[in-house]
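> sequence first, predicted model second:
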Amino acid sequence: LCDTDMLRYDSECSAAELCRGRLARRPGKSCSGVSQVCHGPGAPHQALSPPLSISGEQTLQLAAMGWVHSLNERVGDSKVGRYFQVKERRSTFTTELRAGLVTFLTTSYVLAVNSGILSDTGGTCTDADCTGPKAGQPGCRFANDPGFNACVQDVRRSIIAATAATSLMACFLMGAVANLPLAVAPGMGINAYFAYTVVGFYGTGMITYQEALAAVFIEGWIFILISISGVRGRMVSLIPKSIMLATAGGIGLFLAFLGLQNSEGVGLVTYNSATLVTLGGCPLENRVYQYSIADTSADAICKISPDTGLMTPNLGPPSSSFMCKGKRMHLATLWLGIAGITIMAMLMARKVKGAIMMGILFTTFISWIPGHQASYLGAGSQVPGGAERLEYFKHVVAVPNTSKTSLAWSFAAFHKSELWVALITFLYLDFLDATGTLFSMASMLNQRMPGFVNDKDKSFPRQLFAFCVDGVAIVIGSLLGCAPLTVYIESAAGIREGGRTGITALVVSFGFFISLFFTPLIASIPPYATGPALILVGAMMMENLVDIDWADVKVRYSQRSIPHLIWIY
């Protein structure tokens with residue numbers, strides 16, 4: 001019945017409730033009837049007239065509100081509060097905690113997705129790890145070898161721990177040094193470029209995994225140097241905004257395409273010899289795998305076995321891509337993944353915090369139930385290695401171990417042009433991604449705190465520290481075996497929740513710390529649970545394309561459509 005400016009609980013008041021400030025009555029209503037008021041010696045305030053009655057439950061709620069307010073006041077006035085400028089930025093400690101939790105929920109999918117993408121490179125595994133019938137033969141890693149597959153699983157577990165550890169340290173530095181409510185983790189998009197273009201599937205790319213990590217290490221130091229010297233800030237003004245938009249949109253398309261494939265997604269699309277891509281989702285028995293044959297002569301392909309005297313094909317190992325021979329869209333894991341992306345989209349439409357993570361958890365929990373067609377664990381799984389995954393899953397908690405990927409770099413390939421191409425591309429992609437995201441988040445903060453961004457030079461408080469943290473995070477990631485790290489656009493969710501200081505980033509850091517010890521659970525998240533996340537993140541990155549003038553086809557201006565279409569491809 002009554003609206004007040006502020007309700008507070010005072011422990012000295014026997015009424016357990018006190019309306020301080022203006023008491024506004026609604027038209028036609030009245031506030032009356034209270035059983036207790038503040039009284040007695042030392043009563044801090046006089047009773048309001050007319051008195052207001054409350055129930056016992058309301059008394060507890062008001063007491064809790066008073067405790068929260070008292071906590072916020074104490075933290076805001078403390079040295080910690082003054083360092084993080086909590087009151088100056090018109091925030092509270094509990095608001096920062098809530099914003100940090102929301103940011104972690106929206107970024108934690110990187111633990112499963114990043115490890116799945118980077119483990120496709122094979123990491124430090126080689127043909128020497130093969131133990132099957134073709135052990136010792138070149139290319140045995142492509143023959144579904146149990147020893148090599150076990151090594152790849154170890155690499156994935158190591159990358160999960162490395163992702164959590166690097167994100168933990170990067171977010172801590174962003175919060176403690178730069179005092180910004182931003183999450184920093186291995187970049188989506190640049191990790192796919194690292195895995196599938198630079199290193200390639202199981203090491204079939206331009207350079208090895210170890211050599212690529214060396215390129216990332218050098219990139220991090222270059223970022224630190226250009227940040228300290230101020231070159232990075234000046235370079236931002238030289239790059240047209242539309243180029244940044246086109247780059248982000250192109251990376252988004254790439255991510256979405258990965259999420260649609262079988263190896264790192266739901267398996268909706270697959271290989272076709274005529275159209276390159278077609279509908280997939282067929283069971284194992286209906287898959288026809290592709291072979292890449294360097295020498296197509298009859299003498300090279302057809303070999304006579306010395307044991308049997310019979311002619312046998314010498315095709316080499318099959319690739320991971322296949323075409324479906326019937327029963328398209330019959331795979332249960334595909335439909336479970338579609339259900340996951342539907343749930344994510346519905347929750348996002350209702351603006352539910354952590355919608356992507358909830359969708360991943362829904363799909364994952366169902367896939368953990370053994371004995372059905374969409375199971376990821378157990379011998380009956382449609383994804384090879386289900387029995388081994390089930391045994392590791394049973395551990396639940398494990399000591400973090402990054403031994404398979406940490407300090408794995410190799411500086412032996414700096415004489416190769418391929419490494420320099422990879423290094424320059426890393427610099428370019430990460431520069432646009434991280435710098436663009438930083439300024440976007442600063443603009444969001446400026447909307448909530450006018451004056452946060454300087455109108456003249458577009459700088460923001462502790463900008464230099466933020467740039468340096470980005471470079472240091474990349475160096476740390478290369479030490480543990482991760483692709484370049486970047487500021488996450490999902491940090492916007494925390495800012496919308498009220499995050500304005502580095503305390504938000506520290507909460508995200510604590511979330512990644514907890515994740516370090518649950519590697520067996522995170523490693524058991526299937527690709528058809530994380531694939532929907534790739535699709536949606538890619539779709540959200542394509543929002544940048546809206547701001548490009550597609551109606552103008554003139555080529556001579558940087559903001560026109562044709563150059564940007566080429567740039568996206």
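Okay, I see it.

> residues near residue 544, how many?
22 (other C-beta atoms under 10 Å). Where you see a C-beta, it was placed from the backbone N, CA and C, and this is true even at glycine.

> let me see the contact set for it.
244-246, 248-249, 252 (C-beta atoms under 8 Å, 6 or more residues apart in numbering).

> helix, strand, or coil at it?
helix (DSSP: H, G, I helix; E, B strand; the rest coil).

> please report how far it lies from residue 530.
23 Å (C-beta to C-beta, to the nearest Å).

> so which residue is smack in the middle of this protein?
The centre of the chain sits closest to residue 110, judged by C-alpha atoms, centre = their mean, with a distance of 3.2 Å.

> quick one, what contacts that one?
Counted by C-beta under 8 Å, 6+ apart, residue 110 has contacts 163, 167, 185-186, 188, 488.

> among those, which are in helices?
Within the contacts of residue 110, residues falling in helices by DSSP state H are 163, 167.

> of the contacts of residue 110 - the most surrounded one?
That'd be residue 167 among those, by other C-beta under 10 Å, with 33 neighbours.

> C-alpha coordinates for stretch 124-134, PDB please?
The C-alpha coordinates for stretch 124-134 follow below in PDB (Å, rounded to 0.1, in the frame of the first residue of the first chain):
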ATOM      1  CA  THR A 124      51.800 -33.100 -29.000                       C
ATOM      2  CA  CYS A 125      50.700 -36.600 -30.200                       C
ATOM      3  CA  THR A 126      52.400 -38.200 -33.200                       C
ATOM      4  CA  ASP A 127      52.500 -41.500 -35.100                       C
ATOM      5  CA  ALA A 128      54.900 -42.700 -32.400                       C
ATOM      6  CA  ASP A 129      51.900 -42.900 -30.000                       C
ATOM      7  CA  CYS A 130      50.100 -45.500 -32.200                       C
ATOM      8  CA  THR A 131      49.600 -49.000 -30.700                       C
ATOM      9  CA  GLY A 132      47.200 -50.600 -33.100                       C
ATOM     10  CA  PRO A 133      47.800 -52.900 -36.100                       C
ATOM     11  CA  LYS A 134      49.300 -50.100 -38.100                       C
END
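
> so which bits of it are buried?
124-127, 129-130, 134 (16 or more other C-beta atoms under 10 Å).

> on contacts alone, who are the packing partners of whichever strand or helix holds residue 215?
Element membership for residue 215 (DSSP states H and E) is helix 209-228. Under the contact criterion of 3 or more C-beta pairs under 8 Å, 6 or more residues apart in numbering; DSSP states H and E, helix 209-228 touches helix 231-238, helix 417-448, helix 463-480.

> any stretches of this structure with poor pLDDT?
1-65, 237, 239, 241, 244, 292, 294-295, 315-320, 353-354, 552-561 (pLDDT under 70).

> that one: strands as residue ranges?
2-8, 18-25, 184-186, 269-272, 276-279, 287-289, 302-304, 311-313, 322-324, 485-487 (DSSP state E).

> next, count neighbours for the residue nearest to residue 433 when sequence neighbours are not counted.
Closest residue to residue 433 apart from its sequence neighbours, by C-beta to C-beta, 6 or more residues apart in numbering: residue 486 at 4.9 Å. Residues lying near residue 486 (other C-beta under 10 Å) number 30.

> now do residue 435
What residue 435 shows, counting by other C-beta under 10 Å, is a neighbour count of 23.

> also residue 70?
Neighbours of residue 70 using other C-beta under 10 Å come to 12.

> now the closest residue to residue 377 other than its chain neighbours: how far from residue 360?
Of all residues not flanking residue 377 in the chain, residue 390 sits nearest, at 4.2 Å (C-beta to C-beta, 6+ apart). The gap separating residue 390 from residue 360 is 19 Å, by C-beta to C-beta.

> CA atoms only: put stretch 434-448 into PDB for me.
Below are the C-alpha coordinates for stretch 434-448, written out as PDB (Å, rounded to 0.1, in the frame of the first residue of the first chain):
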ATOM      1  CA  ALA A 434      40.600  -7.800 -28.600                       C
ATOM      2  CA  THR A 435      40.900  -4.000 -29.400                       C
ATOM      3  CA  GLY A 436      37.400  -3.800 -30.900                       C
ATOM      4  CA  THR A 437      35.900  -5.700 -28.000                       C
ATOM      5  CA  LEU A 438      37.700  -3.500 -25.500                       C
ATOM      6  CA  PHE A 439      36.400  -0.300 -27.000                       C
ATOM      7  CA  SER A 440      32.900  -1.800 -27.400                       C
ATOM      8  CA  MET A 441      32.800  -2.700 -23.700                       C
ATOM      9  CA  ALA A 442      34.200   0.800 -22.800                       C
ATOM     10  CA  SER A 443      31.400   2.400 -24.800                       C
ATOM     11  CA  MET A 444      28.800   0.300 -22.800                       C
ATOM     12  CA  LEU A 445      30.400   1.400 -19.600                       C
ATOM     13  CA  ASN A 446      30.300   5.000 -20.800                       C
ATOM     14  CA  GLN A 447      26.600   4.800 -21.400                       C
ATOM     15  CA  ARG A 448      26.100   3.800 -17.700                       C
END
